[in-house]
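Peer 1: Structure of the sequence below:
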Amino acid sequence: MATDPSLSTSPALIPIVSAVASFAAGLIGAGISSWTIRSTHKQRLAADERLAERKFEFDIQLAERKFLLDARSADRKRKQDLAESVLAGFYEVEAIMRSVRSPMSYAFEAEGRPKEELETEGAAKLRDTYFVILARYDKNRKEVSDLLSLRYRMAAWFGVGADEPFQKLHQAIHYVITAAQMLVNWSKDADGFRANPSHLTLWQKMEGDIWWGAEDPDRVATLITEAIAAMEAICQPILAEAIVA
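Peer 2: Okay, the predicted model is just below:
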């Protein structure tokens, strides 16, 4: 059977066909490579975006945690500063009241007492003795007032129970000052006042309030001791906490 000459490939066309085939293959390969690169690039961009989003979210969470930690640390520091000041103040006032209530006194301590007309020597000496308590307290009034002024801040930070030690301390001081004032007044006619047995008992009770250890039990000392113990129970736990930097 004869072969159609039109179907045979001329030797001259073979290089052309090969070149066209190679070019076509190159185009296809280039297209595939370009698609692969674009696809990979898109995937990388998407991964980078997700990573950036996660990092952003993490940074936000870290900033929020740091803010809360800083706020808690600042609050703890303020509470510790307040607790330290208050507890130290209670110790100081206890020492002050021991000094105020000391039975030992000197004549110059009563120099500021207003004298009255027709005051007998005995009445004057007795009134001076009791006035010393008021004079000593007046010298330390600012320290006591500064401490008592913190009672509302303590209640705000530590709860209303933090006011109870202040109440006890204030009551103890009130007993002392009131007793001293009453004894100064009663001393105008001490003999006549103490002639009544019930008045004498009251007189002795007032002396027990103004002088440390004059009575057993000493209700003023007991109140101060209880006030300090109660304040220690409130302040010492927060003072023992570490401050996170």
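
Peer 1: Would you mind listing the buried residues in stretch 152-161?
Peer 2: 154, 157, 158 (16 or more other C-beta atoms under 10 Å). For every residue, glycine as well, the C-beta is placed using N, CA and C.

Peer 1: how near is the first one to residue 79?
Peer 2: Looking back up the chat, that one is residue 154. Counting by C-beta to C-beta, to the nearest Å, the separation of residue 154 from residue 79 is 10 Å.

Peer 1: Where does the prediction get shaky in this protein?
Peer 2: 1-31, 33, 53-74, 242-245 (pLDDT under 70).

Peer 1: at 90 instead, please
Peer 2: 1-76, 105-107, 114-119, 188-198, 213-216, 241-245 (pLDDT under 90).

Peer 1: Secondary structure element holding the residue nearest the centre of it?
Peer 2: By C-alpha atoms, centre = their mean, the chain has its centre lying nearest to residue 79, at 0.5 Å. For residue 79, the enclosing helix or strand under DSSP states H and E is helix 14-100.

Peer 1: for the buried residues of stretch 152-161, which one is nearest residue 43?
Peer 2: Of all these, residue 43 sits closest to residue 157, with 55.8 Å by C-beta to C-beta.

Peer 1: Can you point out the helix or strand that includes the closest one?
Peer 2: Per DSSP H and E: residue 157 is located in helix 151-158.

Peer 1: next one: residue 118
Peer 2: Remark: residue 118 resides in no helix or strand, with elements defined by DSSP H and E.

Peer 1: Over to it: give its phi and psi.
Peer 2: Phi and psi for residue 118, reported as degrees, to the nearest 10, are phi 60, psi 30.

Peer 1: and if you look at residue 149?
Peer 2: The phi/psi pair for residue 149 (degrees, to the nearest 10) is phi -70, psi -10.

Peer 1: State the distance from it to residue 98.
Peer 2: Taken as C-beta to C-beta, the span from residue 149 to residue 98 is 22 Å.

Peer 1: So residue 99 is in contact with residue 136, correct?
Peer 2: Yes. The criterion here is C-beta atoms under 8 Å, and residue 99 meets it with residue 136 at 6.4 Å.

Peer 1: Compare those two and say which is more crowded by neighbours.
Peer 2: Taking neighbours as other C-beta atoms under 10 Å, residue 99 and residue 136 compare with residue 136 leading, 19 against 14.

Peer 1: show me what contacts the more buried one?
Peer 2: Counting by C-beta atoms under 8 Å, 6 or more residues apart in numbering, residue 136 makes contact with 99, 100, 109.

Peer 1: Name the SS class of it, please.
Peer 2: helix (DSSP: H, G, I helix; E, B strand; the rest coil).

Peer 1: quick thing: my sequence starts at 353, can you match it?
Peer 2: Happy to do that; since the first residue is 353 now, the last one works out to residue 488.

Peer 1: Distance check, it against residue 400.
Peer 2: Residue 488 sits 78 Å away from residue 400, taking C-beta to C-beta as the criterion.

Peer 1: Export the buried residues of stretch 504-513 as CSV, with columns for distance to residue 443.
Peer 2: Below are the buried residues of stretch 504-513 laid out as CSV (distance: C-beta to C-beta, whole Å):
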residue, distance to residue 443
506, 15
509, 20
510, 18
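
Peer 1: Please, which helix or strand holds residue 585?
Peer 2: Assigned by DSSP H and E, residue 585 falls within helix 571-592.

Peer 1: Now that helix: buried residues?
Peer 2: For helix 571-592, the neighbour count (16+ other C-beta under 10 Å) marks 572, 573, 575, 576, 579, 580, 582, 583, 584, 586, 587 as buried.

Peer 1: now for it, which elements pack on it?
Peer 2: helix 366-452, helix 515-538, helix 549-562 (3 or more C-beta pairs under 8 Å, 6 or more residues apart in numbering; DSSP states H and E).

Peer 1: Pull the contacting residues for the nearest residue to residue 573 once chain neighbours are set aside.
Peer 2: Using C-beta to C-beta, 6 or more residues apart in numbering and skipping residues adjacent in sequence, the residue nearest residue 573 is residue 564, 6.3 Å away. Residues near residue 564 by C-beta under 8 Å, 6+ apart: 449, 450, 453, 454, 455, 570, 572, 573.
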